[in-house]
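>>> sequence below, structure please.
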Amino acid sequence: MAWNLIFWFISFCFNIALLVLNFYQLLVLTDLEADYLNIYDSSSRINKLVLPEFLVQGVFCSLFLFTGHWFMFLITVPVTCYHINLFLKREHLIDVTEVFRALKREKYFRLAKLIFYLLLFLIVIFRIIMVAEMKSVFDSAPEDIDIRSSVLEY
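From the prediction side, this is the model:
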């Protein structure tokens, strides 16, 4: 039971890392659109974070595969396949010369991934709470679980 809690905590850390990486990329694209950053700075900032995001997503997906959490694996596979497809077609980096042509599309894709990571975040938080409560219920003594005493107190 404790290993399950540790697993979900590790998943929580991976999910936070993906949220931060994706939110920062979206923020840089928004700053570029508002003309707060120049093209070279924004593309270099985003391109530095693309491969780490792909690696963290791949490890996150394979973590669910190797631990037998099939539902979470099936949820994370489409984004991982999307990342692999971008990498194989060599479209994962932002080109400085065509950044304004693809700006709106890149923002939408990153916003969709951010929403996806937020939904995963809610699922992981729910699972952590569920596992932690189950652990505390099973670790407590039988007299602590008496429902009648808790109902009669109120």
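
>>> need the three-state assignment for Glu91.
coil (DSSP: H, G, I helix; E, B strand; the rest coil).

>>> so how far is Phe100 from it?
Glu91 sits at a distance of 16 Å from Phe100 (criterion: Cβ to Cβ, to the nearest Å). From N, CA and C alone the C-beta is placed, and that goes for glycine too.

>>> and if you look at Leu122?
Counting by Cβ to Cβ, the separation of Leu122 from Phe100 is 34 Å.

>>> hey, which helix or strand in the protein has the poorest pLDDT?
Each helix and strand of the chain was given a mean pLDDT (mean pLDDT, DSSP states H and E); the minimum falls on helix 147-153 at a mean of 51.

>>> give me the neighbour count for Ile115.
Neighbourhood size, Ile115 [other Cβ atoms under 10 Å]: 11.

>>> need the pLDDT of it.
Note on Ile115: pLDDT of 96.

>>> where do the strands of this protein begin and end?
Using DSSP state E, the chain contains no strands.

>>> next up, the contacts around the closest residue to Ile128 other than its chain neighbours.
Nearest residue to Ile128, sequence neighbours excluded (Cβ to Cβ, 6 or more residues apart in numbering): Trp8, at 4.6 Å. Counting by Cβ atoms under 8 Å, 6 or more residues apart in numbering, Trp8 touches 124, 127-128, 131.

>>> measure Tyr24 to Asp31 for me?
According to Cβ to Cβ, Tyr24 and Asp31 sit 10 Å apart.

>>> typo on my end, it should be Met130
For Met130, the distance to Asp31 (Cβ to Cβ) stands at 39 Å.

>>> same question for Phe23.
From Phe23 to Asp31 the distance is 13 Å (Cβ to Cβ).

>>> so where's this structure shaky on pLDDT?
Applying pLDDT under 70 to the chain flags the ranges 1, 135-154.
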